[in-house]
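>>> With the sequence up front, the predicted model follows.
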Amino acid sequence: MTTRPPITILLLTVIGFSVLYAPQPLLPGLATHFGIGPGEASLAITLTMLPLAFAPLFYGFILEGLPARTMLVAATVLLALAQAGLALAGSWSQFLGWRLLEGLALPALYTALMTYVAGSVPREQVRHAMGWYIAATLVGGFGGRAISGVAASYWDWHIALGLWAPVLLLMALVVARLPGEQRSHFGRITPSVFRKVLRVPGLAAGYAAIFCVFFIFAALLNVLPFRMTALAPDISVTAIGFAYAGYLSGLVVSLNATRFAARLGSEPRVYLLGLVLYGAGLLVFALPSIGGIYLAMFVFCAGMFLLHTRLSGQLNHLGHDHRGVVNGIYIASYYFGGALGSWLPAELYRHAGWQPFLLVLVVVLALAAWSLFRLLRQISAE
């Protein structure tokens, strides 16, 4: 068997994550257009991430055993309709309504994708396959932001968001031609299964760690466009979009995480390196410089995606007997951290400024380090 997931699945992953993050570099412009502040504008990300945090806990009752192809096609078509709605939104409440609808479709898409990836390779290759998946999410995260930034600079935010609708419809047609009737294995997360999964040594600590890691990431990337406009009021949306080019370092890291682990000699050293890079990135962000922001993003993203890649693979490895449920809880933990991180720290930034904002993220990073220590200690005790 190959250790790389199917190209169609990776491409859909790229597009799915492009849709999630496409509005982010547009937030200052959306705030001006609709007459709102940074905290309210951040809801465009928060309201999409919040269903991602909770839907995996309930979707299993509807989608357990549903053919993956059916789930992927339905979610992709729904996203296409929502993107068209965003482009035509006449008020901020309408805009948020369409983003909320996207948040309801994306959990089904992401969980099916993750489970498909994990099931497409032998168990010993799961962590490597998840590296490919994380790499695809990175391409989507950067591509969505960069493309929307460029499109908004040349045209406007309506076109920057609306252009994804026909792309999604085309992708739905491609996915509909996938062979087979593989089951999505979404995983019905009942209280008994939930408790059983969390009793697996290391899983609860791993979920706490990814919550903290993505809280930090979502907070910083959501506030970043406002920080850049504060430092350089005449900065273009394209320049803001390409600030996320640091994702490319994460792409390199996620595809080579297994090699890094082999070079470093142990899993604890991999996590330590990720934490050090993450912390170093936060320190560079403290500099009042646009150039510093571009540099910090490369270091910050390398740390983030090294941790994300190893954690997602580690938890799939530990909970292989309940992989659908493991992935569902992982997504819930990841995006609950992202939902809170994309909104609460933005309010802190509005009231207290950049340095206190970064200080809070350092505290959360310390909590992430403690959770990773617990994960490794519980694994080694087995």
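In hand now; what should we look at? Note that the structure is predicted; figures quoted are calculated from it, not measured.

>>> Distance across stretch 81-97, terminal residue to terminal residue?
Stretch 81-97 has its terminal residues 12 Å apart, counting by CA to CA, to the nearest Å.

>>> and for it, what are the contacting residues?
19, 23, 30, 34, 36, 40, 43-44, 47, 98-99, 101-102, 105, 158-159, 161-162, 164-165, 168 (CB atoms under 8 Å, 6 or more residues apart in numbering). Yep, even glycine has a C-beta here, placed from its N, CA and C like the rest.

>>> what do you get for stretch 338-348?
Among residues not part of stretch 338-348, those counted as contacts by CB under 8 Å, 6+ apart are 38-39, 42-43, 45-46, 49-50, 52-53, 214-220, 222-223, 226, 356-357, 360-361.

>>> returning to what we had before: now list the buried members of the contacts of stretch 81-97.
Neighbour counting by 16 or more other CB atoms under 10 Å classes 19, 23, 30, 34, 36, 40, 43-44, 47, 98-99, 101-102, 105, 161-162, 164-165, 168 among the contacts of stretch 81-97 as buried.

>>> For stretch 237-250, give me every contacting residue.
So stretch 237-250 is contacted by 24-26, 28-29, 134, 138-139, 141-142, 145-150, 152-153, 221, 224-225, 228-229, 290, 293-294, 296-302, 304-306 (CB under 8 Å, 6+ apart).

>>> Show me the residues you listed that map onto strands.
If you go by DSSP state E, the contacts of stretch 237-250 have nothing in strands.

>>> pLDDT value on residue 313, please?
Turning to residue 313, the model gives it a pLDDT of 74.

>>> tell me, how many neighbours does it end up with?
Neighbours of residue 313 under the rule other CB atoms under 10 Å: 23.

>>> Helix, strand, or coil at it?
Using DSSP: H, G, I helix; E, B strand; the rest coil, the structure places residue 313 in helix.

>>> pretty sure it is touching residue 133, no?
No: if you go by CB atoms under 8 Å, residue 313 and residue 133 don't touch, sitting 9.4 Å apart.

>>> Can you pull the phi/psi pair for residue 256?
Main-chain dihedrals, residue 256, degrees, to the nearest 10: phi -120, psi 20.

>>> Sticking with the residue nearest to it when sequence neighbours are not counted, tell me its helix or strand.
Leaving aside its chain neighbours, residue 256 sits nearest to residue 131 (7.8 Å; criterion: CB to CB, 6 or more residues apart in numbering). If you go by DSSP states H and E, residue 131 is part of helix 126-154.

>>> do residue 375 as well
With DSSP H and E as the criterion, the answer for residue 375 is helix 354-381.

>>> in the stretch 151-300 of the chain, what spans have low per-residue confidence?
179-191, 193 (pLDDT under 70).

>>> Please enumerate the strands of the chain.
According to DSSP E, the chain contains no strands.

>>> hang on, residue 54 packs against residue 332?
Yes: Residue 54 is within contact range of residue 332, at 6.7 Å (criterion: CB under 8 Å).

>>> These two: who's more crowded?
residue 332 (21 against 16).

>>> quick one: that one from residue 370, how far?
Here the criterion is CB to CB, to the nearest Å. By it, residue 332 lies 21 Å from residue 370.

>>> go on, residue 106?
From residue 106 across to residue 370, the span is 30 Å (CB to CB).

>>> Which of the two has more residues huddled nearby?
With neighbours defined as other CB under 10 Å, residue 106 and residue 370 compare such that residue 106 has more, 25 against 14.

>>> Return the residues in contact with the residue nearest to the more buried one when sequence neighbours are not counted.
Sequence neighbours aside, residue 52 is the residue nearest to residue 106 in space, at 5.6 Å (criterion: CB to CB, 6+ apart). Residue 52 is in contact with 103, 106-107, 110, 331-332, 334-335, 338-339, counting by CB under 8 Å, 6+ apart.

>>> what do you get for residue 14?
By CB under 8 Å, 6+ apart, the neighbours of residue 14 are 136-137, 139-140, 143.

>>> and of these, the nearest to residue 15?
residue 140 (6.5 Å; CB to CB).

>>> pretty sure the closest one contacts residue 11?
No: the criterion here is CB under 8 Å, and residue 140 misses it with residue 11 at 9.5 Å.

>>> who's more crowded, the two?
Neighbours per residue, other CB under 10 Å: of residue 140 and residue 11, the larger number sits with residue 140, 24 against 16.

>>> if I pick the more buried one, what's in contact with it?
Counting by CB under 8 Å, 6+ apart, residue 140 touches 13-18, 20-21.

>>> Can you give me the pLDDT of the closest residue to it other than its chain neighbours?
Spatial nearest neighbour of residue 140, chain neighbours left out: residue 17 (3.0 Å); criterion: CB to CB, 6+ apart. Residue 17 is assigned 92 on the pLDDT scale.

>>> Hmm, residue 17 is touching residue 145, no?
No: distance between residue 17 and residue 145: 10.0 Å, which falls outside the contact criterion (CB under 8 Å).

>>> Report the separation between the residue lying closest to residue 315 once chain neighbours are set aside and residue 21.
Nearest-residue entry for residue 315: residue 206, 4.9 Å, with adjacent residues in sequence omitted and distances by CB to CB, 6+ apart. Look at residue 206 and residue 21: by CB to CB, they are 24 Å apart.

>>> Thank you kindly, that will do.
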